[in-house]
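Novice: Dropping a prediction and its sequence here:
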Amino acid sequence: MKSQLAAVLCVAALAAVEVPLFGQTPGQAPAQAQPAAGPATHVAVIDVGYIFKNHARFKGAMDKMKDEVMAAENGLKAERDRINGLMEQLKGFNVGTPEYKKLEAEVAKAQGDFNVNAQLQKKDFMDREAKVYLQVYTEVERAVEQFAREHRIAVVHRFDGEPVDNSDRNQILRGITKPIVYFEPGIDITPDILKMLNGPAVAAGGAAQPRR
């Protein structure tokens with residue numbers, strides 16, 4: 001009877017031992033002492049907005065596109081100034097004269113071409129921006145999937161870790177409508193995913209900002 005009671009107490013003591021969610025901690029049991037692999041049960045959170053703000057290659061692509069947008073805007077400004085100059089010249093001719101009609105047609109064509117080019121350039125930049133976002137988000141999904149499989153994480157929730165400005169009404173409303181009210185800081189895998197994504201870029205130069 002005593003031996004059976006001791007065995008039951010031993011099993012109960014082992015069941016009460018808590019296993020950390022991710023990584024090794026001081027005093028943790030060796031790998032061979034971990035429980036056998038089974039269905040993933042852990043939960044984690046990730047700040048996708050923070051990932052985008054600190055993703056080295058995403059920031060590089062956005063900075064490059066920003067320079068291209070500025071160059072395009074300068075080109076459009078130069079063309080707009082040229083059209084304005086033609087319109088000023090138009091004032092020097094009498095309405096209905098051949099010279100007036102010719103310049104008027106030139107101005108109309110230039111304005112039409114300007115509007116078309118401006119719309120096409122805007123659409124091109126928006127399409128390219130969307131593709132960059134999609135590419136990076138796909139990388140985030142793959143990194144999260146890999147990390148989750150390796151650490152037996154069943155669900156990864158998205159949260160917004162941006163501090164709320166209490167003096168801004170919109171910021172306050174954003175804060176009180178966050179889907180996640182509280183989570184244990186230890187389940188935030190944002191730094192791990194950012195490290196995976198920035199690995200090659202950081203090695204080439206340009207370290208990621210520390211997680212707040």
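Specialist: Received, thanks. Numbers count the residues shown, from 1 in each chain.
Novice: what residues are up against the closest residue to residue 47 other than its chain neighbours?
Specialist: Of all residues not flanking residue 47 in the chain, residue 161 sits nearest, at 4.2 Å (C-beta to C-beta, 6 or more residues apart in numbering). Bear in mind the C-beta positions are built from the backbone N, C-alpha and C, glycine included. By C-beta atoms under 8 Å, 6 or more residues apart in numbering, residue 161 lies in contact with 47, 49-50, 188, 190, 212.
Novice: Secondary structure element holding residue 161?
Specialist: Using DSSP states H and E, residue 161 falls within no helix or strand.
Novice: Please tell me how far it sits from residue 67.
Specialist: 29 Å (C-beta to C-beta, to the nearest Å).
Novice: do residue 109 as well
Specialist: 30 Å.
Novice: coming back round to it: and which of the contacts of residue 161 is nearest residue 114?
Specialist: The closest of the contacts of residue 161 to residue 114 turns out to be residue 49 (C-beta to C-beta; 36.5 Å).
Novice: I'd guessed that closest one sits against residue 159; true?
Specialist: No: counting by C-beta atoms under 8 Å, residue 49 stays clear of residue 159, with 9.2 Å between them.
Novice: The two - which one has more neighbours?
Specialist: Neighbour count, other C-beta atoms under 10 Å: between residue 49 and residue 159, residue 159 has more, with 18 against 14.
Novice: so what's the more buried one up against?
Specialist: Taking C-beta under 8 Å, 6+ apart, we find residue 159 in contact with 45-47, 178-180, 183.
Novice: and residue 178, that one's in a helix?
Specialist: No: assigned with DSSP: H, G, I helix; E, B strand; the rest coil, residue 178 falls outside any helix and is coil.
Novice: pretty sure it is touching residue 163, no?
Specialist: No: using C-beta under 8 Å, residue 178 is not in contact with residue 163; the gap is 12.0 Å.
Novice: Looking at those two, which one has more neighbours?
Specialist: Set residue 178 next to residue 163 and count neighbours by other C-beta under 10 Å: residue 178 wins out with 12 against 9.
Novice: Need the per-residue pLDDT for the more buried one.
Specialist: pLDDT for residue 178: 87.
Novice: what's the answer for the one 4 residues further on, then?
Specialist: Each residue has a pLDDT score; the one for residue 182 is 87.
Novice: what ranges of this protein fall below the confidence cut-off?
Specialist: Along the chain, segments meeting pLDDT under 70 span 1-40, 200-212.
Novice: Next, work out how far apart the residue nearest the centre of the chain and residue 164 are.
Specialist: Nearest to the geometric centre of the chain sits residue 52, at 2.7 Å (C-alpha atoms, centre = their mean). From residue 52 over to residue 164 the distance is 19 Å, taken as C-beta to C-beta.
Novice: same deal with residue 96?
Specialist: When residue 96 is compared with residue 164 (using C-beta to C-beta), they lie 64 Å apart.
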